[in-house]
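Trainee: sequence first, predicted coordinates after that:
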Amino acid sequence: MQISVEKVSDLSRKMTVRVPEEIIQEKMETRLKTLAKDAKLDGFRPGKVPFHVVKKMFGERVRGEVISALIESSYYEALQSESLEPAGPPHIVPSENQEQDNGFEYIADFEILPKVNLEGIDNIEVQRPVCSVQAENVEKTIETLQHNKKEWNGVERSSQMTDRLTFHFSGVCDDKNFTDGKVEDYQLELGTNQMIPGFEDELLGLEAGQQKVFDIVFPEEYGNADLAGKTATFDVEIVLVEEVSLPVVNEDFIKSFGSTAHDVDSFKSEVKSNLEIELGQAIKRRVKTQIMDSLFDKFSINLPDVLIDQEIELLKQPYKENAKRQNQVVDDNDLPREMFEGQAKRRVTLGLVLAEIIQENAIQVDAARVRQEIEVMANTYEKPDDVINWYYGDKKRLDDVEKMILEEQVIDWVIDQNTVVETDVAFDELMAPQNSGVVNG
């Protein structure tokens, strides 16, 4: 087998492979002999058709089949011979230099994986948040739980902050009604800032049955260009004023959350334990995000287009699936490449860096950590053993957990190579939802 490789660019390669005719003939003969055993032809008994007749009948078809199989096998042999690691599938075409009965030549165009140099991996600033669960955090969490089960009671008084109002209203701007007539029985909890700035303030101090007309200027950045920056007149009629009623924290309240706590103090201890678990996870996420950001910023890699394209398609998939569920048609014009390219490049870069760390340091997934993670997840269900068996009974599900743990092990390795500085962080700041997108950007 003759192989020549042309470097088209830093990552692009054009590999020409010629398969000798004798190899093709050898493979053809083996296949034709197999066909001859079962060949049926008028005038001959089954399996007794002469070989030269079988070759004349099936030779062209068999040659095509043999060449297709040899292209696949010889391509991977050629890659190994030339020590090339492709980034994705090749584009293979027959060479124009074909000679009758003189073997077969083809050209494979592909990109190779870039070399990743981990120099500087031990010079990353790692800050680990330091935080603990305090009594006020527990009280605030229980208060949130109370609000999740709150009730509303009608009152005969003027509206106050945190009240819920039911009201009719209409809006006019530039002598045009923009609320499609009157909006009836609209509900609003005062203090949630659901409406444009200033609207809720105008509703304070109003009673059921009271009407009020007021002007408000829409924000310049308002989504509707016909209203942005303009003054509108609202006409509001209050239908109902309700105040919030929170449930008492007692045995019934505790049981409603599936808790086994027998009194308020033990319930608080249970809430604190759960918060400590969540806090630990938040700290891990914060450190992981910080390290991923640092790795992406530190390592500038020439990325193969094929990997970026594959990642963009993966990022598009949820949008396409969501559109399909809503019986909508989405094409590539609705999902432009620029919308996903930055995130795709980040994910590809981090994937290559993590893979290099794993390979250079022979990091293998820790089966004990995988088991521990599965048990933690299983313990949130009624029948933990069934959940554990569910994970271990399916290789794909288990692979997903193993990949997650392996990534955590890489993060641990990076931490071990660097100096960690502990910094105090407030509980609320650390627990606030963050759009970190660890690998996603």
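Mentor: Cool, the structure landed.
Trainee: show me what stretch 377-388 is in contact with.
Mentor: For stretch 377-388, contacts defined as C-beta atoms under 8 Å, 6 or more residues apart in numbering pick out Ile374, Glu375, Tyr391. In short, each C-beta sits where N, CA and C put it, glycine included.
Trainee: what's the mean pLDDT across the helix or strand the last one falls within?
Mentor: Per DSSP states H and E: Tyr391 is located in helix 384-392. The predicted model assigns helix 384-392 a mean pLDDT of 95.
Trainee: can you add distance to Glu278 and neighbour count and give the contacts of stretch 377-388 back as a markdown table?
Mentor: Formatted as a markdown table, those follow (distance: C-beta to C-beta, whole Å; neighbours: other C-beta atoms under 10 Å):
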| residue | distance to Glu278 | neighbour count |
| --- | --- | --- |
| Ile374 | 19 | 21 |
| Glu375 | 18 | 14 |
| Tyr391 | 22 | 18 |
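Trainee: mind listing what's buried in the helix holding Tyr391?
Mentor: Val387, Ile388, Tyr391 (16 or more other C-beta atoms under 10 Å).
Trainee: before we move on, what about stretch 86-99?
Mentor: Buried residues in stretch 86-99, counted by 16+ other C-beta under 10 Å: Pro86, Ala87, Pro90.
Trainee: does anything pack onto the helix or strand His168 falls within? Which helices or strands?
Mentor: Using DSSP H and E, His168 sits in strand 164-173. Under the contact criterion of 3 or more C-beta pairs under 8 Å, 6 or more residues apart in numbering; DSSP states H and E, strand 164-173 touches strand 183-189, strand 231-245.
Trainee: now tabulate the ones you listed in JSON lines and tack on mean neighbour count and distance to Asp412.
Mentor: Shown next, in JSON lines, are the helices and strands packed on strand 164-173 (neighbours: other C-beta atoms under 10 Å; distance: least, C-beta to C-beta, whole Å):
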{"stretch": "strand 183-189", "mean neighbour count": "14", "distance to Asp412": "45"}
{"stretch": "strand 231-245", "mean neighbour count": "17", "distance to Asp412": "46"}
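Trainee: for Glu151, find the nearest of these.
Mentor: Closest approach to Glu151 among the helices and strands packed on strand 164-173 (C-beta to C-beta): strand 231-245, 4.7 Å.
Trainee: send the alpha carbons of that closest one over as CSV?
Mentor: Written as CSV, here are the backbone C-alpha positions of strand 231-245 (Å, rounded to 0.1, in the frame of the first residue of the first chain):
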residue,chain,number,x,y,z
THR,A,231,-45.7,58.7,28.1
ALA,A,232,-48.8,56.5,28.5
THR,A,233,-52.0,57.1,30.4
PHE,A,234,-53.4,54.2,32.4
ASP,A,235,-56.9,53.9,33.8
VAL,A,236,-57.1,51.4,36.7
GLU,A,237,-60.1,50.1,38.6
ILE,A,238,-59.3,48.0,41.8
VAL,A,239,-61.5,44.9,42.1
LEU,A,240,-60.0,43.2,45.1
VAL,A,241,-57.3,43.8,47.7
GLU,A,242,-55.8,40.7,49.4
GLU,A,243,-53.2,40.2,52.1
VAL,A,244,-50.9,37.2,52.4
SER,A,245,-51.4,34.6,55.0
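Trainee: tilt between that strand and strand 164-173?
Mentor: Strand 231-245 and strand 164-173 meet at an angle of 180 degrees, taking axes from the mean of the first three to the mean of the last three C-alpha atoms, to 10 degrees as the criterion.
Trainee: check the spacing between Val248 and Leu145 real quick.
Mentor: As defined by C-beta to C-beta, to the nearest Å, Val248 lies at a distance of 12 Å from Leu145.
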